[in-house]
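Visitor: Predicted model and sequence follow; I will ask about them next.
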Amino acid sequence: MATTNGANGTNGAQKAARPVKIIIVGAGFAGLACAIESRLKGHDVILLEKFSALKVLGDIISFGPNAGRIFGRWGLHDKIWPLCTHLKVFNLHTWKGELITAQALNEKDFGSYSYNGHRGELHQILFDHAIELGVDLRLSSDVTEYWEDEHAAGVVCNGEKLTADVVIGADGVRSKAREMVLGYFDQPKPSGYAIYRAWFNAKESGIGEDPLSDYLVKDGDAFYGWIGKDVHMLSSSSKGGRDVSWVITHKDEADIEESWSFPGKMEDVLKIVEDWDPRCAAILSKAPSCVDWKLVYRDPLPTWISKKARIALIGDAAHPFLPTSIQGASQALEDGVTIAVNLKISGPEEAPLAIQAFEYIRYQRVRNAQRTGETNRDKWHQADDKKAVEDPKSVALNREEWLLGHDAEKHAWEAYPEAAKEIKEHGYHLPELPEGDVSADRVAKSREEYLAREI
Ligand SMILES: Cc1cc2nc3c(=O)[nH]c(=O)nc-3n(C[C@H](O)[C@H](O)[C@H](O)COP(=O)(O)OP(=O)(O)OC[C@H]3O[C@@H](n4cnc5c(N)ncnc54)[C@H](O)[C@@H]3O)c2cc1C
């Protein structure tokens with residue numbers, strides 16, 4: 001069933017009459033990636049961020065080679081690499097401590113680096129790069145309303161009405177832009193799990209003085225994991241063993257709290273590993289504090305774009321990921337790059353077509369990437385110890401080419417003409433899930449509800 005079609009241009013050829021004017025809401029990785037790539041493509045960018053100053057927040061974040069390819073093209077490798085953890089082997093154990101596999105890790109896969117480091121430190125690099133490229137980055141800018149008509153879109157920010165050709169909602173899991181796009185508040189569901197996480201200085205923590213934990217820091221960076229029923233624990237060091245981080249999942253049916261800074265209690269953390277390999281408690285107990293991050297889940301949204309196709313959701317606002325996918329931030333980067341390329345091809349006159357083509361190009365890929373978070377989690381949480389030791393491949397980290405070998409920029413240039421042709425010839429249609437997707441019934445229902453709201 002077709003919804004309102006905001007695309008009325010004539011062809012997909014590149015037009016350069018004037019720069020496309022873009023307002024991006026949210027300076028997380030999605031918003032910054034969209035802003036950086038948009039400047040590189042010659043667009044005018046206003047980036048609105050509600051925080052008043054950049055703080056080094058969060059802990060470990062991972063970018064796969066599909067995102068590494070983007071950082072490399074932006075010339076940021078030399079800045080990011082020294083801050084990252086340099087891992088050669090992933091030592092995965094059963095919860096009792098038996099080694100399942102020492103999986104060799106490559107610096108590069110499919111021609112590009114992976115980057116694992118502190119979220120706040122890597123965020124700072126992108127933030128500075130966006131400013132260097134001339135992004136009009138406005139802090140303390142709280143966006144409270146979104147609007148669009150046939151000719152433009154915009155926001156109300158700190159009480160002021162701003163106008164652009166398109167608005168990109170990169171405002172994270174609690175997105176306000178999502179409410180505008182869907183016309184309703186999309187309630188997240190508990191995933192049934194939460195993660196305790198910590199990042200700390202190795203020397204101050206004494207981790208190098210305890211024989212049950214010193215292997216994490218004594219020979220440069222190291223990466224260890226343990227898997228058991230409904231629990232997995234990962235710990236790694238970075239910057240040559242200077243910093244240490246760990247994450248450990250736990251069952252959590254309590255409530256839905258989409259917060260990054262919910263404090264965790266160390267006694268609760270240690271209870272999870274009471275009967276586990278003593279190395280786990282030794283590592284966990286060295287952290288001075290930790291956060292308890294609730295893992296919420298969302299079925300795929302019926303759409304990521306507004307009725308007049310001038311507002312698009314990207315990153316977590318469109319599709320939150322489970323950390324076991326190791327792809328949330330990478331897919332956010334791919335979104336931003338795709339939008340920028342599409343708008344370069346469309347020019348301002350056909351900007352709505354570029355937004356529709358963004359959804360067309362990205363929806364199924366993102367869904368397939370998102371699903372890996374569930375399959376990886378289940379693979380680890382339901383593993384049989386004996387079978388895992390006998391067949392380490394059954395629990396090893398997947399390194400699949402379709403996911404990690406992807407070049408989002410190249411793909412957008414190549415895929416746009418077909419997407420634009422399809423939309424022009426057949427009108428805009430809500431995006432389709434990949435065939436056989438487990439959420440198909442639920443998404444069909446939310447599509448119906450979404451379409452009914454239009455009438
Ligand atoms: C503080 C913080 C810490 C995190 N720590 C980790 C981590 O340690 N490990 C990890 O893997 N992932 C972490 N993440 C999540 C990770 O960064 C994202 O999952 C991923 O990078 C996708 O990013 P995003 O840009 O879509 O969303 P986010 O990173 O959530 O960015 C959204 C941005 O939008 C801004 N914003 C929201 N509403 C408005 C508004 N109304 N007006 C203006 N601006 C607005 C927010 O302040 C925020 O900066 C963290 C996110 C945050 C916000």
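Guide: Done, it's in.

Visitor: H86 and V244, how far apart?
Guide: For H86, the distance to V244 under the criterion C-beta to C-beta, to the nearest Å works out to 14 Å. To be clear about C-beta, it is placed using only N, CA and C from the backbone, and glycine gets the same treatment.

Visitor: So between these two, which is more surrounded?
Guide: V244 (28 against 17; other C-beta atoms under 10 Å).

Visitor: State the distance from that one to the ligand.
Guide: Taking C-beta to the nearest ligand atom, to the nearest Å as the criterion, V244 is separated from the ligand by 14 Å.

Visitor: just C84 next, same as before
Guide: Summarising the geometry, the distance separating C84 from the ligand, computed by C-beta to the nearest ligand atom, is 14 Å.

Visitor: which bits of the stretch 51-200 of the chain sit near the ligand?
Guide: Selection of the stretch 51-200 of the chain residues close to the ligand by C-beta under 6 Å from any ligand atom yields 51, 57-61, 119, 141-143, 170-172, 176.

Visitor: 8 Å - rerun?
Guide: 51, 55, 57-62, 118-120, 123, 141-144, 157, 170-177, 197, 199 (C-beta under 8 Å from any ligand atom).

Visitor: Helices of the chain, start to end?
Guide: With DSSP state H as the criterion, the chain has helices at 29-40, 65-73, 77-80, 119-132, 177-182, 202-205, 266-272, 278-284, 328-346, 351-381, 385-390, 401-404, 408-426, 440-454.

Visitor: roughly how far is the third one from the heart of the chain?
Guide: To tie it back to what came earlier, the one meant is helix 77-80. Helix 77-80 has its average C-alpha position 20 Å from the chain's average C-alpha position, going by C-alpha atoms, centre = their mean, to the nearest Å.

Visitor: Now it: average pLDDT?
Guide: When the per-residue pLDDT values of helix 77-80 are averaged, the result is 98.

Visitor: Buried ones in it, by neighbour count?
Guide: Taking 16 or more other C-beta atoms under 10 Å as the basis for neighbour counts, the residues of helix 77-80 that come out buried are 79-80.

Visitor: And the fourth one, by the same measure?
Guide: Applying a neighbour-count criterion of 16+ other C-beta under 10 Å, the buried positions in helix 119-132 are 119-127, 129-130.

Visitor: Also the second one?
Guide: Of the residues in helix 65-73, 65-72 count as buried by neighbour count, 16+ other C-beta under 10 Å.

Visitor: need the contact list for the residue lying closest to Y297 once chain neighbours are set aside.
Guide: With sequence-adjacent residues excluded and distances taken as C-beta to C-beta, 6 or more residues apart in numbering, Y297 is closest to S191, at 4.1 Å. The neighbours of S191, taking C-beta atoms under 8 Å, 6 or more residues apart in numbering as the test, are 295-297, 322.

Visitor: how far away is S191 from H250?
Guide: Counting by C-beta to C-beta, the gap from S191 to H250 is 12 Å.

Visitor: can you check R73 too?
Guide: From R73 across to H250, the span is 39 Å (C-beta to C-beta).

Visitor: so what's T10 scoring on pLDDT?
Guide: What the model reports for T10 is a pLDDT of 38.
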